[in-house]
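K.L.:
Need a 3D model of the following:
(2 chains)
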Amino acid sequence: MTNSTLNFIFIGITFAVYIVIALRSRAGSTKEYYTAGGGVSSLANGMATAADWMSAATFISMAGAVAMSGYDASRFLMGWTGGFVLLTILMVPFLRKFGKATVPDFIGDRYYSKWARGVAVICAIFICMTYIMGQMRGVGVVFSQLFGIGIPAGVVVGAAIVFFYAGLGGMKGITYTQVAQYCVMAFAYTIPAVFIAIMITNQPVPQLGLIGHYSLDGEFVPFFEKLNRINVELGFQEYTTGKLSMVNMFCITAALMCGTAGLPHVIVRFFTVKSVQAVRNSACWTLAFIAVIYLTAPAIGAFARLNLIEELHDTPYVEAPAWLQEFEATGQMVWVDKNGDGIIQYFGPAKSAEGKNDVFQGDNPIFPAYDAPENQRVGARGERLLANKPDLSNPNELWFGNDIMVMANPSMAGLPMWVVSLLMAGCIAAALSTAAGLLLVLSTSISHDLMKKIVKPDLSDREEMNYARGASFAALAVAAYFGINPPSAFIAQTVAFAFGLAASSFFPTLLIGIFSKRMNKLGAISGMLAGMVFTSSYIVYFQFLGGTKEQMLFGISSEGIGFVGMLINFAVAFLVRPFGGDPPKEVQEMVERIHIPSGAGEATHH
Amino acid sequence: MSKSIDHRAYSRACLRILGVLLGIWFFVSFGCGILFREWMDEHLPPVGTAPFGFWMAQQGSIICFILILVAYAVLMKRLDSKFGYADGEEGQ
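P.N.:
All right, here's what the predicted structure looks like:
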């Protein structure tokens, strides 16, 4: 059986399962549409939230980031899991007690103002848009791999599927489908890791292999010692120490954590369970399910790094494994034979005087058109040629996109083809579940919070649904555009921006709203605006307008600036508060009420 | 004893739990994983064969996060039943 038949079988079966579930549990009312009627068990909700949470970026790019930057990638690992702790103990139990469907709802009521609600809606849309762009890119990468087409076509195919899929059921349908998607993802992620761990370290548990010994070819050395040694020999940073400064590392991790705690589409997930106690249990499950993947990613990353170097470095091109050509065909791997010896050399920045290891000039590889003469397309050894000029200032000859690490890993390790197919199905599950969840929040923000609560209060249910559909279509179109022309090279980084914005706008405002009775609307709105404007202009300046490293504030990169934005938000809110007077009595009572877990709250409060 | 005093005692106990757990949270992630990583890599015994600080950053902190959330659920449940809010499973 060929590879593509297997792919289609696996993906076909999983799709059939999702659709059956979505049809069987589709929403019967608006309450079911927005929050699944509030009656999902904490175990099921935990699994669904984990699937929603783990995006294509997590699934595809995270292990790649770990493989490439070793210790530095810990910021993603800690940031995205540690944020859950903040979310669970500072946010969701209280917001659940408040009991409304969306985050702008809470901000609108707590700060008794349409303006506050409006700013919150804009933040929510902004965050979801940034986030969904990364998803579309991820979908594009998978589909381009699957059908052997370019990434742009892959993005368009993916967007069409996501649109049909998200239209099927509301939150209720999505929740039960995501339970199935989580199972697919978990298997797809861990099975290859187990095989590779056995191969490299003779340990069936990848996490134990990571702290075990490298035991291939009769060698028996501590795994990280081996990995550090090859990295340094080839001129890369030692794997277990980082290149990022401690300040930057701290800020990025903090921004990711606080951002996680302020992500509207994750908060909304906890409105689907029965009670505050169920919220706490559900959060435990969620993090446990997420950890299955997050604890495996460092192992996959480290093993893939080792595999890649061992398989390709110092190997003649004609003897290189077949997957190299497959990745060349999709433009995700490039070999430029700079010294003309026909052997692949892979070197790090330390091997050149300028401290760079660029293979070619320019940011991305550009290929000659398909009708160009053959000697411009195919090189002397049969490799795919580039239109870019080679960068001859350093000896490195191998370029590849980070995103391929997870996909290439099973092939690198020589695993059977069905493992690759399973991985494809897992990637698609990850992208679909997250995109569906995000689209739901996006369309609710526009139809419920913006149209119904602010612009046209007399909107009927049917009109509200129409706005929701229109909004999700427009959102997908924009997201697909940015998926094809990503503003940042790696998926994980694109997503990191969404976190910066969530950290600087929602997180502080929600936190103050929950824990301070005296914060008024003036303080909250000024804080939210200050944080958001500061963070987004910093990101836009350094990402699009060519800001240089030397201009950065304390050397903090745009990924970590959300943390500073958050501090600014807090500071502005408390400085401006004295000019606005105390909030009304009902609001103060509301804040007291959300701190008591059950309906008993009303009884205790005289 | 008046009920509003009960309420204040509950909130205080709740904040104490939050404070302690967030302290642990900060120490295992930012402390072990970032601020003191280098020192820990050198001076603490390795986990298996991996340097301690590095292992905390990529594995240990995540395991601790789960334990923190389990502790939170258990402690809050105990607090709820002590103050008579334990019948919360029916929701509102």
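K.L.:
CA atoms for contacts and neighbours, from now on please.
P.N.:
Fine.
K.L.:
and the helix or strand hosting A:Gly64, what other elements does it pack with?
P.N.:
Counting by DSSP states H and E, the element that carries A:Gly64 is helix A:63-69. Using 3 or more Cα pairs under 8 Å, 6 or more residues apart in numbering or on different chains; DSSP states H and E, the elements in contact with helix A:63-69 are helix A:276-312, helix A:404-412.
K.L.:
Which pLDDT value goes with the closest residue to A:Val292 other than its chain neighbours?
P.N.:
Closest residue to A:Val292 in three dimensions, ignoring its sequence neighbours and counting by Cα to Cα, 6 or more residues apart in numbering or on different chains: A:Ala186, at 7.3 Å. We have a pLDDT of 87 for A:Ala186.
K.L.:
Correct me if wrong: A:Ala186 contacts A:Ile293.
P.N.:
Yes. Counting by Cα atoms under 8 Å, A:Ile293 is a contact partner of A:Ala186 at 6.7 Å.
K.L.:
And the strands in the stretch 101-250 of chain A?
P.N.:
Secondary structure of the stretch 101-250 of chain A (DSSP state E, counting those that start in this stretch): strands at A:213-214, A:221-222.
K.L.:
among the ones you listed, which is the most enclosed?
P.N.:
For the strands of the stretch 101-250 of chain A, average neighbour numbers computed from mean count of other Cα atoms under 10 Å in any protein chain shown are highest in strand A:213-214, which has a mean of 24.
K.L.:
do it and chain B meet?
P.N.:
Yes. With Cα under 8 Å from any Cα of the partner chain as the criterion, chain B is reached by strand A:213-214 at A:His213.
K.L.:
in its sheet, what does that strand sit against?
P.N.:
Applying DSSP bridges, strand A:213-214 is found paired with strand A:221-222 (antiparallel).
K.L.:
who touches the strand it pairs with?
P.N.:
A:211-215, B:49-50 (Cα atoms under 8 Å, 6 or more residues apart in numbering or on different chains).
K.L.:
Rebuild the helices and strands packed on helix A:63-69 as CSV, extending it with mean neighbour count and mean pLDDT.
P.N.:
Listed next are these as CSV, based on neighbours: other Cα atoms under 10 Å in any protein chain shown; pLDDT from 0 to 100:
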stretch, mean neighbour count, mean pLDDT
helix A:276-312, 23, 85
helix A:404-412, 21, 75
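K.L.:
Please identify which of these is closest to A:Ile149.
P.N.:
helix A:404-412 (15.0 Å; Cα to Cα).
K.L.:
elements contacting the closest one?
P.N.:
helix A:63-69, helix A:171-201, helix A:276-312, helix A:323-329, helix A:417-444.
K.L.:
how close does the closest residue to chain B within the stretch 101-250 of chain A get to B:Pro46?
P.N.:
Using Cα to the nearest Cα, the single residue of the stretch 101-250 of chain A nearest to chain B is A:Ile211, 4.9 Å away. Separation of A:Ile211 from B:Pro46 (Cα to Cα, to the nearest Å): 9 Å.
K.L.:
Compare these two and say which is more crowded by neighbours.
P.N.:
The residue with more neighbours, out of A:Ile211 and B:Pro46, is A:Ile211; 20 against 16, by other Cα atoms under 10 Å in any protein chain shown.
K.L.:
just checking, the more buried one touches B:Val47?
P.N.:
Yes. Between A:Ile211 and B:Val47 a contact is recorded at 6.8 Å, counting by Cα under 8 Å.
K.L.:
any residues touching the worst-scoring helix or strand of chain B on mean pLDDT, and which ones?
P.N.:
In chain B, the helix or strand scored least confidently by mean pLDDT, DSSP states H and E is helix B:37-43, which has a mean of 80. The set of residues external to helix B:37-43 that reach it, using Cα under 8 Å, 6+ apart, is B:31-32, B:51-54.
K.L.:
Grab the nearest non-local neighbour of the residue nearest in space to the middle of chain B.
P.N.:
The centroid of chain B falls nearest to B:Leu21 when counting by Cα atoms, centre = their mean (3.0 Å). What sits nearest to B:Leu21 in space, not counting adjacent residues and going by Cα to Cα, 6+ apart, is B:Ile68, at 6.5 Å.
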